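Q: 3D, please:
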Amino acid sequence: MFENYSDSSVYLAIVLAPLIGSIIAGIFNTYISRAVAHTVTIAGVGLSFILAVFVFKYFAFDDAQVYNETVYTWLVSDGIRFEIGFLVDNLTSMMLLVVSFVSLMVHLYTIGYMQEDPGYKRFFSYISLFTFSMYMLVMSNNFLQLFFGWEAVGLVSYLLIGFYYQKESAIFANMKAFLVNRVGDFGFILGIAAVLMVFNTLDYADVFSMANSKADLMIEIIPGSQWSMMTLMCILLFIGAMGKSAQVPLHVWLPDSMEGPTPISALIHAATMVTAGIFMVTRMSPLFELSETALSFIMVIGAITALFMGFLGVIQNDIKRVVAYSTLSQLGYMTVALGASAYSAAVFHLMTHAFFKALLFLAAGSVIIGMHHVQDIRQMGGLKKYMPITYWTSLLGTLALIGFPGFSGFFSKDSIIEAVHASHLVGSDFAYYAVLAGVFITALYSLRLFFIVFHGRERMDQHTKAHLKESPWVVTVPLVLLAIPSVIIGGMTISSVLYGDYFSNVVFVQHGHDVLGHLKEEYHGPMAMVLHGVTSAPFFLMVAGIATAWVLYMKRPEWPAKIKNSFGLIYDILDNKYGFDAFNEKVIAGGTRGIGHVLSKFGDIMIIDGFVVNGSAKSVAWFSSIIRQVQTGYLYHYAFAMILGLIGLLALAVF
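A: Have a look, this model is predicted:
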């Protein structure tokens, strides 16, 4: 089976293995033990991972042929085929490897993290179902299956964020995620509808082959105003990506999603689901390349997210929320790369980020275990001597995140910065300075978290301190395994993935937009890039961020409070998250409730109840009372009525 990659059985096995594990752990929940639940789900994901490794090897090293086949036809309507099928190429094989590896690590980690949780088996069922959904998304060869996977990962995310459904805050968070993603998904399905309307097919290959012929198509949405159909289509599709990949202003759900157990933060909200939008835009590059307006829109949205979400990470005190805002910022970097037509750089950062951000989330979970589920970093400190494995793996993940030269994040993040600098699209100057400033902010909040948690004064209570110890091996082994690619994967793969031919037959870039082609001329290998990196602006900004964090949180820990008092207005703006939550809750949600109240008062009570329901009843009663007078029961009345009717018919016939 490993040798015949034109056979759909390999790809069906990758997809169905975690689904079968999820079904067994979920449906037979009450009949199986915890050991059986985690064994079948880990076995399913483990099999998928092994197959994904072989598939990746085949496409990366063995001169692969793209697999693009229909598994079955779901519906044919008016000549349009709605199908389930797989498209497996270099992009898909990379995504399969990343998703399966991170998912496997999270499954193993969950054994230790959730060992005392009463929802243990249900949790394993959910995360395996998520893995299946993500596979369906990244392996799709048409928009129908893409939408299925898109909504499926959203559904499982909803279930996992609200996993502790007894907590009011968890229910609020999962409903918030659900509603915000409905906004993005409304744009997404409109974009898919536009694709169907223009191309009369949902198959990727057919759509992409006809894209150039439809590039100049115009549409009149507002009478007298002509819009580019391609621009409209791409922006609608990207609105879907804004919801899934948490871009401003549809980012508000992701920080609150930390209400779910920590393993899902690593699996869904750091490494996989939130990157679905990045993957989708990369896959749709033949469409997006035909609209510079859409590309500029994407770049500006990403730049705003990268910079301003980073600011919010500086003031957070919940260990998971700091990492969550970091995720938002890094997703902004990927989105900026998409807007600059550096799709390969976006996916490259997606890959490196998946490893070190999953590592940081799982390390945060390890700290939470050690602290007996205390998440406030102000109650931590000095954990280095108690949790050495968590400490060193966290350090490696932090260095990768801030882009320290030689670590994986350095290669991907610096490539994005240089790509944006080389772009000439509208908004590229703003985007360049935003992502450049983001380097300083990233180093500041990352080292702030690291110093406060692992160094300095021990601020935990005596009971917690007395029981502090390193997490069990099922927690620390995934940390070590994730730390390895966090350090080396960038340098190992940049030459082939970013500046080689790995994506040459997957990503389409217009000649005038080929910023990576320009950078390729100046690329002389990973070591040369590291040597150049230590003399560049991002390196000095990173060092400045580290130094600032060290001074503020190690040497002069009293200064942050003074700065907060001196810049109270700015702090309040950041603490209120720029007012997005207040606006959504008071204006959007409040306005919706107000409209609902008005409709209930006047539409339901006055129109429906007053006119339709009660009015109909009264009208029937009145009409019945009139008709009742005709039915007297006297024969001569009926005979007289018949004579009048006959005279009327004769008169009608004569005249």
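
Q: CA atoms for contacts and neighbours, from now on please.
A: Noted.

Q: Buried residues in stretch 366-383, which are they?
A: For stretch 366-383, the neighbour count (16 or more other CA atoms under 10 Å) marks 366-371, 374-383 as buried.

Q: burial of Val153, as a residue count?
A: Applying other CA atoms under 10 Å, we find 26 residues neighbouring Val153.

Q: Put the alpha carbons of the helix or strand where it lies into CSV.
A: Secondary structure from DSSP states H and E places Val153 in helix 143-161. Only the C-alpha atoms of helix 143-161 are listed here, as CSV (Å, rounded to 0.1, in the frame of the first residue of the first chain):
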residue,chain,number,x,y,z
PHE,A,143,-15.2,23.8,-2.9
LEU,A,144,-18.0,21.6,-1.6
GLN,A,145,-15.6,19.3,0.4
LEU,A,146,-13.6,22.4,1.4
PHE,A,147,-16.8,23.9,2.9
PHE,A,148,-17.6,20.6,4.7
GLY,A,149,-14.2,20.5,6.3
TRP,A,150,-14.4,24.2,7.1
GLU,A,151,-17.7,23.8,8.9
ALA,A,152,-16.7,20.5,10.6
VAL,A,153,-13.6,22.0,12.2
GLY,A,154,-15.7,24.9,13.4
LEU,A,155,-18.2,22.5,14.9
VAL,A,156,-15.6,20.5,16.8
SER,A,157,-14.0,23.8,17.9
TYR,A,158,-17.4,24.9,19.3
LEU,A,159,-17.6,21.6,21.2
LEU,A,160,-14.1,21.8,22.6
ILE,A,161,-14.2,25.4,23.7
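
Q: so what secondary structure elements neighbour whichever helix or strand comes after it?
A: Following helix 143-161 in sequence order, the next helix or strand is helix 168-199 (DSSP H and E). Packing partners of helix 168-199 (3 or more CA pairs under 8 Å, 6 or more residues apart in numbering; DSSP states H and E): helix 143-161, helix 204-210, helix 229-244, helix 253-256.

Q: contacting residues for the spatially closest residue to Tyr333 that is not a sequence neighbour?
A: Take Tyr333 and drop its neighbours on the chain: the residue closest to it by CA to CA, 6 or more residues apart in numbering is Ala306, 5.7 Å away. Going by CA atoms under 8 Å, 6 or more residues apart in numbering, Ala306 touches Leu328, Ser329, Gln330, Leu331, Gly332, Tyr333, Ala434, Val435, Gly438.

Q: Ser471 should be in a strand, yeah?
A: No. Secondary structure of Ser471 (DSSP: H, G, I helix; E, B strand; the rest coil): coil, not part of a strand.

Q: ok, now which ones touch the residue lying closest to it once chain neighbours are set aside?
A: Once flanking residues are discounted, Ser471 sits nearest to Ser366: 6.0 Å by CA to CA, 6+ apart. By CA under 8 Å, 6+ apart, Ser366 lies in contact with Tyr113, Thr390, Ser471, Val475, Thr476.

Q: Quick check: what element follows the strand ranked longest in the chain along the chain?
A: Ranked by residue count, the top strand of the chain under DSSP state E comes out as strand 67-77. Once strand 67-77 ends, the next helix or strand along the chain (criterion: DSSP H and E) is strand 80-88.

Q: Give the buried residues for that next one.
A: Here strand 80-88 shows Arg81, Phe82, Glu83, Ile84, Gly85, Phe86, Leu87, Val88 as buried, counting by 16+ other CA under 10 Å.

Q: ok so, going back, go through the buried residues of stretch 366-383 and flag which are in helices.
A: Ser366, Val367, Ile368, Ile369, Gly370 (DSSP state H).

Q: Pipe those residues into CSV and attach distance to Gly615 and pLDDT per row.
A: Below are these laid out as CSV (distance: CA to CA, whole Å; pLDDT from 0 to 100):
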residue, distance to Gly615, pLDDT
Ser366, 65, 92
Val367, 66, 93
Ile368, 63, 92
Ile369, 64, 90
Gly370, 67, 89
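
Q: Go through the residues you listed and say which is closest to Tyr31.
A: For those, the residue nearest Tyr31 by CA to CA is Ile369; the value is 29.0 Å.

Q: so where do the strands sit in the chain?
A: Going by DSSP E, the chain shows strands at 67-77, 80-88, 218-220, 226-228.

Q: out of these, nearest to Glu151?
A: That would be strand 80-88 among these, by CA to CA, at 15.1 Å.

Q: Show the secondary-structure elements that the closest one is packed against.
A: Against strand 80-88 (3+ CA pairs under 8 Å, 6+ apart) you get strand 67-77, helix 143-161.

Q: Can you tell me which of the ones you listed is nearest to Ile20?
A: Closest of the helices and strands packed on strand 80-88 to Ile20 is helix 143-161, at 15.7 Å (criterion: CA to CA).

Q: just how off-centre is that closest one within its chain?
A: In terms of CA atoms, centre = their mean, to the nearest Å, the centre of helix 143-161 is found 10 Å from the chain centre.

Q: tell me the mean pLDDT over that helix?
A: Average pLDDT, helix 143-161: 92.

Q: Just the angle for it relative to helix 168-199, thanks.
A: Per axes from the mean of the first three to the mean of the last three CA atoms, to 10 degrees, the angle that helix 143-161 makes with helix 168-199 is 180 degrees.

Q: Can you give me the buried ones in helix 143-161?
A: 143-161.

Q: can you pull the contacts of the most centrally placed residue in the chain?
A: With distances taken as CA atoms, centre = their mean, Val274 lies nearest the centre of the chain, 2.0 Å away. The neighbourhood of Val274, defined by CA under 8 Å, 6+ apart, consists of Lys244, Ser245, Ala246, Ile268, Leu331.

Q: any idea how far it is from Phe143?
A: As judged by CA to CA, to the nearest Å, Val274 and Phe143 stand 18 Å apart.

Q: Pro478 now?
A: 35 Å.

Q: Then Ala60?
A: 26 Å.

Q: I'd say Lys384 and Gly456 touch.
A: No. Counting by CA atoms under 8 Å, Gly456 is not a contact partner of Lys384; they are 9.7 Å apart.

Q: Need the residues touching each of the two.
A: Common contacts of Lys384 and Gly456 (CA under 8 Å, 6+ apart): none found.

Q: Which parts of the stretch 301-450 of the chain are helices?
A: 319-339, 343-370, 388-401, 408-422, 428-454 (DSSP state H, counting those that start in this stretch).

Q: Could I get the contacting residues of the residue lying closest to Phe348 once chain neighbours are set aside?
A: Nearest non-adjacent residue to Phe348, counting by CA to CA, 6+ apart: Ser412, 6.1 Å away. Each residue near Ser412 by CA under 8 Å, 6+ apart is listed here: Ala345, Phe348, His349, Thr352, Gly490, Ile494.

Q: for those residues, which one is nearest Tyr165?
A: For the contacts of Ser412, the closest approach to Tyr165 (CA to CA) belongs to Thr352, at 33.2 Å.

Q: what about the closest one, neighbour count?
A: With other CA under 10 Å as criterion, Thr352 counts 28.

Q: just Leu196 next, same as before
A: Leu196 has 16 nearby residues by other CA under 10 Å.

Q: same check, this time on the one 3 residues further on
A: Taking other CA under 10 Å as the criterion, the count of residues near Phe199 is 17.

Q: which ones are touching it?
A: Taking CA under 8 Å, 6+ apart, one finds Val207, Met210 in contact with Phe199.

Q: can you rerun that using 7 Å?
A: Val207 (CA atoms under 7 Å, 6 or more residues apart in numbering).

Q: which of the helices of the stretch 301-450 of the chain is buried the deepest?
A: helix 319-339 (a mean of 29; mean count of other CA atoms under 10 Å).

Q: ok so, going back, dump the strands of the chain to JSON lines, plus distance to Ala422 and mean pLDDT.
A: Shown next, in JSON lines, are the strands of the chain (distance: least, CA to CA, whole Å; pLDDT from 0 to 100):
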{"stretch": "strand 67-77", "distance to Ala422": "34", "mean pLDDT": "89"}
{"stretch": "strand 80-88", "distance to Ala422": "31", "mean pLDDT": "91"}
{"stretch": "strand 218-220", "distance to Ala422": "30", "mean pLDDT": "85"}
{"stretch": "strand 226-228", "distance to Ala422": "26", "mean pLDDT": "87"}
